[in-house]
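[1] what follows is a predicted structure for the sequence shown.
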Amino acid sequence: MDDRARRVQFGSYLAGLRKRARLSQRDLATRLCVASGITTLTRHEVSRWERGGRIPDAWLPSLAQVLDVPLEELAGQAERARNGSVPDTRREPDAYVRDAVGWLLAHDDRHGGDHVADAAVQVWEVERGRIKGDDKQRLAQVAEIGEVAGWLLHDAARFPEARATLAEAHTLARLAGDGPLEWFILDLIAMVDVHTGRVGEALAITDEMLTRHQVPGRVALMARLRRARSLAQAGDRARALDELRRAAGGLQDSVHADDPAFTWWINATEVALHTGEALLSLGDPRAALPHLQRSSDAPRDGGRREFGNVLAELTALVRLGAWREAEAPLVRLDPILRTVTSSRTRVRLRSTLHAIDRDGPAWLADTAHEIAR
């Protein structure tokens, strides 16, 4: 293998670690700047590493910290990429699983979870069956696979399976003593509970995260968003809005080097989305609309995330009867639907299209019919 091929191989390895941590290239660059105290790194440099253009020697300690991988492993892979002097014809035992998890998450982010949920469950069941003894590292690895499988089942609208998988993964994370992974899985269980209207259970989980654990600030912020959504579903406007204000205030602290990698998704766009969704649950689409428009205006990627944000804005407009304004997000959804298959989001879309057909003007209902097909 020549020098170029080795660097490309290392780049693919690094990209796999990044995707497993659910970080974009920009997110990774930001966290590396925080961890190192050097503010000049950009996503373009991360892209260069992943294309094999450069090996990030000086950044290896920070990469190991942010990506939660042993520095020795990362440094060994970099050494092989530099000169091939460390023979390694074998892949580490969990390399296939790591690569598979990264691919499944990347597919979900672009296309939704419907077509990959079963593959994730298969990997989860196989790896769970291979657990022997009380190897904490192995328990944590399998718990992470369960977390991914649970998320994909949720996106595929298979909610009972999602919650059962996440509950078992949470047990493994606790046995492994992996606090950050345990927090993440608890947050995902609360997410499923919010989506399925299990208000009491969601509140119990978020109470546990906020009172029984010494969690980092951004983990607490995640719990507050779930708690706000649950309180809104229960009709408790004052407490829901208070939690949302506290979450928005926590966002001002920005990221910290000790934040778990899974908190990457928390930004102003997500806080705006959850604020709007909570206000929708409270029956106040007029107050919800500015927040949902802010989240809908986020950078467009044509993937599952854009689909959900645009659909939330459309839902508010339809509830307001703002038919003229609803046309733009409705038309924007059309090309996304050609590639995104997230049953969780499509169920909501069908309900919104039905409301347009029932209450909207004929010219908009015709567009809704085209999209429905």
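    Arrived safely, thanks for sending. Numbers count the residues shown, from 1 in each chain.
[2] so which bits of the longest helix seen in the chain are buried?
    Longest helix of the chain, by residue count under DSSP state H: helix 136-155. Buried residues in helix 136-155, counted by 16 or more other CB atoms under 10 Å: 138-155. All C-beta spots, glycine's among them, are computed from the backbone N, C-alpha and C.
[3] again, but for stretch 225-241
    For stretch 225-241, the neighbour count (16+ other CB under 10 Å) marks 225-234, 236-237, 240-241 as buried.
[4] same question for stretch 6-18.
    Arg6, Arg7, Val8, Phe10, Gly11, Tyr13, Leu14, Ala15, Gly16, Leu17, Arg18.
[5] how about the nearest residue to the last one, chain neighbours excluded?
    Sequence neighbours aside, Leu28 is the residue nearest to Arg18 in space, at 5.4 Å (criterion: CB to CB, 6 or more residues apart in numbering).
[6] ok, then the element right after the helix or strand encompassing Glu313?
    If you go by DSSP states H and E, Glu313 is part of helix 304-320. Moving toward the C-terminus from helix 304-320, the next helix or strand (DSSP H and E) is helix 323-337.
[7] so which bits of that following helix are buried?
    Trp323, Glu325, Ala326, Glu327, Pro329, Leu330, Arg332, Leu333, Ile336.
[8] mind giving me the packing neighbours of the lowest-mean-pLDDT helix or strand in the chain?
    For the chain, counting by mean pLDDT, DSSP states H and E, helix 95-111 ranks last in confidence among helices and strands (a mean of 81). The contact analysis (3 or more CB pairs under 8 Å, 6 or more residues apart in numbering; DSSP states H and E) places helix 95-111 against helix 3-20, helix 117-129, helix 136-155, helix 304-320.
[9] what pLDDT, on average, does the second one get?
    Right, helix 117-129. Helix 117-129 shows a mean pLDDT of 94.
[10] the longest one now?
    Per-residue pLDDT values across helix 136-155 average out to 93.
[11] repeat that for the first one.
    The average pLDDT for helix 3-20 rounds to 87.
[12] just the CA atoms of it, as CSV, please.
    Output of helix 3-20 as CSV, limited to C-alpha atoms (Å, rounded to 0.1, in the frame of the first residue of the first chain):
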residue,chain,number,x,y,z
ASP,A,3,1.6,6.5,1.1
ARG,A,4,-1.5,8.1,-0.5
ALA,A,5,-3.6,4.9,0.1
ARG,A,6,-2.5,4.7,3.7
ARG,A,7,-3.5,8.4,4.3
VAL,A,8,-6.9,7.8,2.6
GLN,A,9,-7.4,4.8,4.8
PHE,A,10,-6.6,6.8,8.0
GLY,A,11,-9.0,9.5,6.8
SER,A,12,-11.8,7.0,6.4
TYR,A,13,-11.0,5.7,9.9
LEU,A,14,-11.2,9.2,11.3
ALA,A,15,-14.5,10.0,9.5
GLY,A,16,-16.0,6.8,10.9
LEU,A,17,-15.1,7.9,14.5
ARG,A,18,-16.6,11.3,13.8
LYS,A,19,-19.9,9.8,12.5
ARG,A,20,-20.1,7.4,15.4
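[13] ok now it, how far from the chain's centre?
    Taking CA atoms, centre = their mean, to the nearest Å, one finds the center of helix 3-20 at 22 Å from the center of the full chain.
[14] other SSEs contacting it?
    Looks like helix 3-20 contacts helix 43-50, helix 60-67, helix 71-83, helix 95-111 (3+ CB pairs under 8 Å, 6+ apart).
[15] follow-up on the earlier one: looking at the buried residues of helix 323-337, which one is closest to Arg54?
    For the buried residues of helix 323-337, the residue nearest Arg54 by CB to CB is Ile336; the value is 34.5 Å.
[16] tell me the helix or strand right after the longest helix of the chain.
    Later in the chain than helix 136-155, the nearest helix or strand by DSSP H and E is helix 159-176.
[17] so Ser230 makes contact with Val194?
    Yes - using CB atoms under 8 Å, Ser230 is in contact with Val194, at 5.8 Å.
[18] identify the contacts common to those two.
    By CB atoms under 8 Å, 6 or more residues apart in numbering, Ser230 and Val194 have these common neighbours: Ala202.
[19] which other residues reach stretch 174-187?
    134, 136-137, 139-140, 143-144, 146-147, 150, 166, 169-170, 173, 205, 208-209, 213, 215, 219, 222-223, 226, 260, 262.
[20] what about 7 Å?
    136, 139-140, 143-144, 147, 166, 169-170, 173, 205, 209, 213, 215, 219, 222-223, 226, 260, 262 (CB atoms under 7 Å, 6 or more residues apart in numbering).
[21] what of stretch 311-329?
    For stretch 311-329, the surrounding residues in contact (CB under 7 Å, 6+ apart) are 273, 276-277, 280, 285-286, 288-289, 292-293, 295-296, 310, 330, 333, 345, 348-349, 352, 355-356, 360-361, 364, 367.
[22] quick one: mean pLDDT over it.
    According to the model, stretch 311-329 has a mean pLDDT of 96.
[23] only C-alpha atoms, please: export it in PDB.
    Output in PDB follows, covering the C-alpha atoms of stretch 311-329 (Å, rounded to 0.1, in the frame of the first residue of the first chain):
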ATOM      1  CA  LEU A 311     -42.800  20.200   8.500                       C
ATOM      2  CA  ALA A 312     -43.000  21.700  12.000                       C
ATOM      3  CA  GLU A 313     -43.300  25.200  10.400                       C
ATOM      4  CA  LEU A 314     -45.900  23.900   8.000                       C
ATOM      5  CA  THR A 315     -47.900  22.400  10.900                       C
ATOM      6  CA  ALA A 316     -48.100  25.800  12.700                       C
ATOM      7  CA  LEU A 317     -49.200  27.600   9.500                       C
ATOM      8  CA  VAL A 318     -51.900  25.100   8.800                       C
ATOM      9  CA  ARG A 319     -53.200  25.400  12.400                       C
ATOM     10  CA  LEU A 320     -53.300  29.100  12.000                       C
ATOM     11  CA  GLY A 321     -55.100  28.800   8.600                       C
ATOM     12  CA  ALA A 322     -52.300  30.900   7.000                       C
ATOM     13  CA  TRP A 323     -52.800  29.200   3.700                       C
ATOM     14  CA  ARG A 324     -50.800  31.500   1.500                       C
ATOM     15  CA  GLU A 325     -47.800  31.300   3.800                       C
ATOM     16  CA  ALA A 326     -48.100  27.500   4.000                       C
ATOM     17  CA  GLU A 327     -47.500  27.100   0.300                       C
ATOM     18  CA  ALA A 328     -43.700  27.700   0.500                       C
ATOM     19  CA  PRO A 329     -42.900  25.100   3.100                       C
END
